[in-house]
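Enquirer: sequence first, then the predicted structure:
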Number of protein chains: 2
Amino acid sequence: MQKIMNNPQNAVEELLEGYVKCSSSCVERTKNPRVFVQKEKNKKRKVGVVSGGGTGHFPAFIGYLRPGILDAVAVGEIFKAPDAEIFLDAFREADMGEGVVCIQGNYKLDNKNVQDAVELAKKEGIHVERVVANDDVASMKDEDRSSSRGLAGEVLLWRVAGAAADMGYSLDDIVSLCKTAMDNTKSIGVGISACTIPEVGVPNFDVVEGTMEFGIGHHGDPGLVTYKLRTAEEIAELMLQEIMKNGDYAVGTEVLILLSGLGSTTQMELYILFNNIHDILIKKNIKICRSYVGNYFTSLDMGGASVTLLKLNEELKKIFICSEKSDLLCRF
Amino acid sequence: MQKIMNNPQNAVEELLEGYVKCSSSCVERTKNPRVFVQKEKNKKRKVGVVSGGGTGHFPAFIGYLRPGILDAVAVGEIFKAPDAEIFLDAFREADMGEGVVCIQGNYKLDNKNVQDAVELAKKEGIHVERVVANDDVASMKDEDRSSSRGLAGEVLLWRVAGAAADMGYSLDDIVSLCKTAMDNTKSIGVGISACTIPEVGVPNFDVVEGTMEFGIGHHGDPGLVTYKLRTAEEIAELMLQEIMKNGDYAVGTEVLILLSGLGSTTQMELYILFNNIHDILIKKNIKICRSYVGNYFTSLDMGGASVTLLKLNEELKKIFICSEKSDLLCRF
């Protein structure tokens, strides 16, 4: 494994330790070594915003502990959901008396552990509502999203919930806004090289040179279909086709684009792909209100990208436009 | 070549096009297709700040067109210095009547083309002063920095010049401050995998599995020494040793750290390496005032990292601390 690393078994701990040392102005540890909070969280009484999941998706989750995004995160081992106790501690940290919204990806163990933690929190008088990110269209069955995986669209929910909480929205209103946002959010991923879990030391599946995996998740799982490696323009076409056949994108629809690298993809590739995505959408008379291109939700060192479209309504537009100056959805 | 790309010969143009479409709120094209400017540059009369160089170092150079950093950039082909005419057009764009500072890496053709452009600008009454970034200690000969390559330390000069210009410094004072900053800036790079120029399609040198190239530049050149691949902690030790033997880092010295990935390095690796760098410096009683970890100056898809230490004096500290809230040295 050609990596800058010490003992692979300590990789999660050292990543977290390094991040906290680098970002000590905005992030701090708590008594639970797998729960982190953003420093300004107690500056005003508001709904707490929590997320969490396995490690390997950096900057998710810890990188989003910033004013206007997340207040606390629960961190698991590589690609493994955190225990219920970890989520519970994150809820305790984030609760300021106005309740907590927990946004998590639609994965079996995440669902179970968050549900258990919500029950435990209830016994302590902490009201937690769950919002599940299930934006992946590749794993969607006949418009039933209960089986859809979460992809990078989750990042946008954090932004929505964080901004709404800052604006004084109630817990119920935040949950309702997040659910609308999720209904409007669709993603698809393409992998062009596999990823390696440090402790395993070899790639967890093969992407044969000259091919690509279409419809991948971000846990190092192969795609739903293997295609010959296409040009960026063809990849953009395929991705948008798959997203747009799963929703209504009438002429004049306003969208936000999130194009995330999967870990080892260069920014050059991302912007070339973005250029094609942009042009295809413009040709379809879709209005692009905001675009984010970077490594927002990764899958260790996988090569490839996920694209997310969020259809904006007036309320969601306000949320994202108010972030323009402060750039609260940071650049990664 | 397993990449998301269209015709490799158009890669530079498509990268630039994609970036401008994504960042249209802060960047715009000019009449010269290889000169770009930041939109707010004419909001106040101040010294213009310019940089430029070959493509392949994204986010350098175009990604730094932001208020408080660069006003105009000259962009060349992959790893190739822009022509003098391109630099000249960038100077014309950046000049607001107070003169222009041009900060560029210490490479033969960049030096020549910038010098030629400075002469041409002079004839038009535009006063341009050059500051050369030569922070690489691996290519330094007996403390003579005239032979030293520029590495990621150049990014910090852009920040220094941009902030000073915003604060109303004169051209002479900016040049003097930048030169002090450069004297205080030292970098070293380690490569663990080579990079591929899109038009060539195969890696431009080999990094044998299990080895690393110590003292690399960021133009896909091999290192000065090939070592067995070390642990992150050992790499941190080697890098800091090489930097610190080339300068005075007495107990209590205050530094800024810039740890930049080279293109395909994961953030997990960077933070693990940062964790070791941080601890070694703390053990030496060096005070770390600010740290940036990310892809700040890359070498296409090379794997590895460069580390830069900038020794701070009171004036430089003010420059970087005033950027804390607005995060003007963005996260990449």
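Expert: Arrived safely.
Enquirer: residues of the stretch 151-300 of chain A that sit close to chain B?
Expert: Taking CB under 8 Å from any CB of the partner chain as the criterion, the stretch 151-300 of chain A approaches chain B at residues A:190, A:192-193, A:207, A:209-210, A:229, A:231-233, A:235, A:263-276, A:278, A:291-295, A:298, A:300. No exception for glycine: its C-beta is placed from N, CA and C like everyone else's.
Enquirer: swap in 6 Å and give it another go.
Expert: When proximity is defined by CB under 6 Å from any CB of the partner chain, the stretch 151-300 of chain A lies next to chain B at A:192-193, A:209, A:231-233, A:263-264, A:266-269, A:271-275, A:278, A:291, A:293.
Enquirer: isn't residue A:262 up against residue A:299?
Expert: Yes - Residue A:262 lies in contact with residue A:299 (CB atoms under 6 Å); the separation is 4.7 Å.
Enquirer: list residues touching both of the two?
Expert: Common neighbours of residue A:262 and residue A:299 (criterion: CB atoms under 6 Å, 6 or more residues apart in numbering or on different chains): none identified.
Enquirer: I figured residue A:205 was touching residue A:193, is that so?
Expert: No - contact criterion CB under 6 Å: residue A:205 and residue A:193 do not qualify, at 10.2 Å.
Enquirer: ok, those two, which is more surrounded?
Expert: residue A:193 (22 against 14; other CB atoms under 10 Å in any protein chain shown).
Enquirer: residues in contact with the more buried one?
Expert: Residues in contact with residue A:193 (CB under 6 Å, 6+ apart) are A:207, A:303, B:2.
Enquirer: could I get those as CSV with pLDDT, neighbour count and distance to residue A:83?
Expert: Below are those laid out as CSV (pLDDT from 0 to 100; neighbours: other CB atoms under 10 Å in any protein chain shown; distance: CB to CB, whole Å):
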residue, pLDDT, neighbour count, distance to residue A:83
A:207, 92, 23, 32
A:303, 96, 25, 31
B:2, 94, 17, 37
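Enquirer: let's have these in a markdown table, adding secondary structure and distance to residue A:128.
Expert: Supplementary listing: those in a markdown table, determined by DSSP: H, G, I helix; E, B strand; the rest coil; distance: CB to CB, whole Å:
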| residue | secondary structure | distance to residue A:128 |
| --- | --- | --- |
| A:207 | coil | 39 |
| A:303 | strand | 37 |
| B:2 | coil | 43 |
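Enquirer: what bits of chain A have low per-residue confidence?
Expert: Filtered on pLDDT under 70, chain A yields the residue ranges A:322-332.
Enquirer: show me where it has its helices.
Expert: A:11-22, A:84-94, A:108-123, A:153-166, A:171-183, A:232-244, A:267-283, A:314-321 (DSSP state H).
Enquirer: single out the most deeply packed of those.
Expert: Among the helices of chain A, helix A:153-166 has the highest mean neighbour count (mean count of other CB atoms under 10 Å in any protein chain shown), at a mean of 27.
Enquirer: using PDB, list the CA coordinates for that one.
Expert: The C-alpha trace of helix A:153-166 is given here as PDB (Å, rounded to 0.1, in the frame of the first residue of the first chain):
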ATOM      1  CA  GLY A 153     -26.400  14.900  -0.900                       C
ATOM      2  CA  GLU A 154     -26.300  14.600   2.800                       C
ATOM      3  CA  VAL A 155     -23.800  17.400   2.900                       C
ATOM      4  CA  LEU A 156     -26.500  19.800   1.600                       C
ATOM      5  CA  LEU A 157     -28.900  18.700   4.300                       C
ATOM      6  CA  TRP A 158     -26.400  19.600   6.900                       C
ATOM      7  CA  ARG A 159     -26.200  23.100   5.300                       C
ATOM      8  CA  VAL A 160     -29.900  23.400   5.200                       C
ATOM      9  CA  ALA A 161     -30.400  22.300   8.800                       C
ATOM     10  CA  GLY A 162     -27.500  24.300  10.100                       C
ATOM     11  CA  ALA A 163     -28.600  27.500   8.400                       C
ATOM     12  CA  ALA A 164     -32.300  27.100   9.400                       C
ATOM     13  CA  ALA A 165     -31.200  26.400  13.000                       C
ATOM     14  CA  ASP A 166     -29.200  29.600  13.000                       C
END
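Enquirer: counting contacts, what elements does that helix pack onto?
Expert: strand A:48-55, strand A:100-105, strand A:128-133, helix A:171-183 (3 or more CB pairs under 6 Å, 6 or more residues apart in numbering or on different chains; DSSP states H and E).
Enquirer: indicate the residue of the stretch 1-150 of chain A located nearest to chain B.
Expert: Residue nearest to chain B within the stretch 1-150 of chain A (CB to the nearest CB): residue A:18, separated by 3.4 Å.
Enquirer: pull up the gap between that residue and residue B:129, please.
Expert: Residue A:18 sits 38 Å away from residue B:129, going by CB to CB, to the nearest Å.
Enquirer: for residue A:178, which residues are in contact?
Expert: For residue A:178, the contact set (CB under 6 Å, 6+ apart) comprises A:131, A:157, A:160-161.
Enquirer: who are the contact partners of residue A:140?
Expert: Residue A:140 sits next to residue A:148 when contact means CB under 6 Å, 6+ apart.
Enquirer: ok, which residues in the stretch 1-150 of chain A are in contact with chain B?
Expert: Residues of the stretch 1-150 of chain A lying close to chain B (CB under 6 Å from any CB) are A:2-6, A:14-15, A:17-19, A:21-22, A:58.
Enquirer: do that again at 8 Å, thanks
Expert: Counting by CB under 8 Å from any CB, the residues of the stretch 1-150 of chain A near chain B are A:2-6, A:11, A:14-15, A:17-19, A:21-22, A:25, A:56, A:58-59.
Enquirer: residues touching residue A:23, list them.
Expert: The neighbours of residue A:23, taking CB atoms under 8 Å, 6 or more residues apart in numbering or on different chains as the test, are residue A:65.
Enquirer: can you check the one 3 residues further on too?
Expert: Under the criterion of CB under 8 Å, 6+ apart, the contact list for residue A:26 reads A:38-40, A:65-67.
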